[in-house]
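Trainee: Please find the sequence and the predicted model below.
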Amino acid sequence: MSHRRCLPPTVCLVLALLLTPSAWAYQQPLVNLGFTSFLDGAPPAGPGFYFTEYVMYWTADRLPGIDSPNDHFRALGSLNQLIYQSNTPVLFGGKWGLDVILPLASFETDPINNNDGFGDLLVGPYLQWDPIMGQNGPIFMHRVEFQTIWPTGTYEKERNLNPGSNFFSFDPYWASTLFITPQWEVSLRLHYLWNAENDDTDIQPGQAVHANFATSYELIAKKLRLGVNGYFFNQITDTKQNDLEFPDDEQVFAIGPGVLWSFSQNSHLFLNAYFETGARDRPEGEKFILRFVHHF
């Protein structure tokens, strides 16, 4: 018995799907798979307000659990993100901040039926530490965020695919950037995902570990970076329904090229491509994310 999800990375996408005797699928919420990449350990311009707009296109030609020669999945989504970074230390030198994200999603699916609309609201208080500096610039920077996913998005039990999950999730992470040289950086964002139960279906998706990883090299000072970016998702506990456990091992790995162009210290444009492989109990496809970051 399978129970899986399509994870388009820019919508709070939970699929309360396919509760049939042979297959129930797509239970996980949307999480950050590939939305963030280079220089992830700190905001680019210090304290203040930041607005980020993400545009994502994700495609797959096979849907697990669907027996159709024409099955396919396409998702177009946007994330609207507002961040406030304070200049006030509150714990162990970490300065508090707040991260709020509102997703919007549109799907093209065959043969399953779907909903379009707003995804679940993501809210994350966090602590950002000042960079550890060396003679030639920063060496290491990092933060911890206590990200929560609230069931506010569009959801209908009768739909196979919904932008909203209809359950609460807690998805904290640690993000860091290490400068190997002043031009060469390596970044990592590591999450642990816990999900509550969907009251409409009595399904509680399993817990998971997921991460984004990236490395880039500065080709034009303060302007252009080229690099490689990737992500993985690995479900580590079984999904439950009415306290019954069902073996579950959803996983995926993706890697691809990326570019960062900085118009100034306050405005930055990312373009990241991901090619998925090793998917188990979930679709496998290609994902493209355009992200614009502006500091006010």
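Mentor: That came through, no problem.
Trainee: Specify the local secondary structure of Asn32.
Mentor: Secondary structure assignment for Asn32 (DSSP: H, G, I helix; E, B strand; the rest coil): coil.
Trainee: ok, now Ile83?
Mentor: Under three-state DSSP, Ile83 comes out as strand.
Trainee: burial of the nearest residue to it once chain neighbours are set aside, as a residue count?
Mentor: The shortest distance from Ile83 to any non-neighbouring residue, by Cβ to Cβ, 6 or more residues apart in numbering, is to Tyr50 (4.2 Å). For every residue, glycine as well, the C-beta is placed using N, CA and C. By the criterion of other Cβ atoms under 10 Å, Tyr50 has 20 neighbours.
Trainee: The host helix or strand of Tyr50: which residues count as buried?
Mentor: According to DSSP states H and E, Tyr50 maps onto strand 48-60. For strand 48-60, the neighbour count (16 or more other Cβ atoms under 10 Å) marks Tyr50, Thr52, Tyr54, Met56, Trp58, Thr59, Ala60 as buried.
Trainee: which stretches of the stretch 51-200 of the chain have low pLDDT?
Mentor: The model of the stretch 51-200 of the chain has pLDDT under 70 over residues 62-72, 109-114.
Trainee: next one: stretch 257-265 to chain centre, how far?
Mentor: What separates the centre of stretch 257-265 from the centre of its chain is 20 Å, taken as Cα atoms, centre = their mean, to the nearest Å.
Trainee: pLDDT averaged over it - what is it?
Mentor: Here stretch 257-265 scores 98 as its mean pLDDT.
Trainee: tell me the angle of the host helix or strand of Val293 relative to strand 48-60?
Mentor: Element membership of Val293, judged by DSSP H and E, is strand 285-295. Calculated by axes from the mean of the first three to the mean of the last three Cα atoms, to 10 degrees, strand 285-295 forms an angle of 170 degrees with strand 48-60.
Trainee: Distance check, Leu91 against Gln207.
Mentor: According to Cβ to Cβ, to the nearest Å, Leu91 and Gln207 sit 26 Å apart.
Trainee: Name the residue in the two with the higher neighbour count.
Mentor: Neighbour comparison, Leu91 and Gln207: the larger count goes to Gln207, with 16 against 9 (by other Cβ under 10 Å).
Trainee: quick revisit: give me the sheet partners of the strand holding Tyr50 and which way each runs.
Mentor: Its sheet considered, strand 48-60 pairs with strand 72-91 (antiparallel), strand 285-295 (antiparallel) by DSSP bridges.
Trainee: Which one of the ones you listed lies nearest to Asn198?
Mentor: Taking Cβ to Cβ, strand 72-91 is the member of the strands paired with strand 48-60 nearest to Asn198, at 20.6 Å.
Trainee: So which elements touch the helix or strand just after that closest one?
Mentor: Remark: after strand 72-91, the chain's next helix or strand is strand 94-110, criterion DSSP H and E. Helices and strands touching strand 94-110, as assessed by 3 or more Cβ pairs under 8 Å, 6 or more residues apart in numbering; DSSP states H and E, comprise strand 72-91, strand 117-118, strand 121-128, strand 137-145.
Trainee: redo that, cut-off 10 Å
Mentor: strand 48-60, strand 72-91, strand 117-118, strand 121-128, strand 137-145 (3 or more Cβ pairs under 10 Å, 6 or more residues apart in numbering; DSSP states H and E).
Trainee: Tabulate those strands (TSV), appending distance to Arg291.
Mentor: Putting the helices and strands packed on strand 94-110 into TSV (distance: least, Cβ to Cβ, whole Å) gives the following:
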stretch	distance to Arg291
strand 48-60	5
strand 72-91	8
strand 117-118	19
strand 121-128	15
strand 137-145	17
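Trainee: What is the neighbour count of Ala221?
Mentor: By other Cβ under 10 Å, the burial measure for Ala221, its neighbour count, is 9.
Trainee: And it, its phi and psi?
Mentor: Dihedral pair for Ala221: phi -50, psi 120, per degrees, to the nearest 10.
Trainee: show me what contacts it?
Mentor: Taking Cβ atoms under 10 Å, 6 or more residues apart in numbering, we find Ala221 in contact with Pro182, Gln183, Ser262.
Trainee: Which single one of those residues is nearest to Phe232?
Mentor: Distances from Phe232 to the contacts of Ala221, taken by Cβ to Cβ, are shortest for Gln183, at 26.5 Å.
Trainee: what's near enough to touch the nearest residue to that closest one once chain neighbours are set aside?
Mentor: Leaving aside its sequence neighbours, Gln183 sits nearest to Glu218 (Cβ to Cβ, 6+ apart; 4.2 Å). Glu218 sits next to 38-39, 181-185, 224-227, 260, 262 when contact means Cβ under 10 Å, 6+ apart.
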